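Asker: Predicted model follows, preceded by the sequence.
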Amino acid sequence: MVELDPEDVKILTLARSARARTGAAEGAAVRDTDGRTYAACTVALPSLSLSALQAAVAAAVASGAEGLEAAAVVTDAADVDAGSAAAVRDLGSGAPIFRADAGGEIQHTH
């Protein structure tokens, strides 16, 4: 089991909650450089598709975040898709991305 900082546990919990609340394919959360957190789930509309991480990054940007410290995604996927990772890297080149399963177990850190 990976030992996480309490602030990283918080975003993992938010990501799990976003996924569970909506029944979406993924839930994600990010923490900005001011310590604020943003959670989101997969958006799958006929006219708009965003991964949960992309939606969380968009929420952070829309709220004025200038950088990211960390990100977490809860997914059944074997990896974080490239577009999602790129969205996080746009605001936080060194921010870890924690990929966890539905139970909250960290499967990989990017």
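Answerer: Received it, and whenever you're ready, just let me know what you need.
Asker: Now do the same contact list for the most centrally placed residue in the chain.
Answerer: The chain has residue 28 as the residue nearest its centroid, 3.1 Å off, counting by CA atoms, centre = their mean. Contacts of residue 28 were listed using CB atoms under 8 Å, 6 or more residues apart in numbering, and they are 15, 18, 39-41, 51-53, 55-56, 71-74, 84. C-betas here are computed from N, CA, C, even on glycine.
Asker: Quick check: buried residues in stretch 83-99?
Answerer: Buried residues in stretch 83-99, counted by 16 or more other CB atoms under 10 Å: 84, 85, 87, 88, 89, 91, 92, 95, 96, 97, 98, 99.
Asker: Give me the below-cutoff pLDDT ranges for this protein.
Answerer: Counting by pLDDT under 70, the chain has low-confidence residues at 1-2.
Asker: Closest one of the contacts of residue 28 to residue 103?
Answerer: residue 74 (9.0 Å; CB to CB).
Asker: Pull out the buried positions in the longest helix anywhere in the chain.
Answerer: Across the chain, the longest stretch assigned as helix under DSSP state H is helix 6-22. For helix 6-22, burial by neighbour count (16+ other CB under 10 Å) applies to 8, 10, 11, 12, 13, 14, 15, 16, 18, 19.
Asker: With distance to residue 35 as new columns, can those residues be given to me in TSV?
Answerer: Converted to TSV, these look like this (distance: CB to CB, whole Å):
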residue	distance to residue 35
8	12
10	10
11	11
12	16
13	15
14	13
15	17
16	20
18	19
19	23
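Asker: sorry, back to before: how about the residue nearest to the centre of the chain, secondary structure?
Answerer: strand (DSSP: H, G, I helix; E, B strand; the rest coil).
Asker: Would you state the strands of the chain in chain order?
Answerer: Secondary structure of the chain by DSSP state E: the strands cover 27-32, 37-41, 43-45, 48-50, 68-74, 97-100, 106-109.
Asker: Select, out of those strands, the one closest to residue 62.
Answerer: strand 37-41 (8.8 Å).
Asker: I'd like to know which elements that closest one is packed against.
Answerer: Applying 3 or more CB pairs under 8 Å, 6 or more residues apart in numbering; DSSP states H and E, we find strand 37-41 packed against helix 6-22, strand 27-32, helix 52-62.
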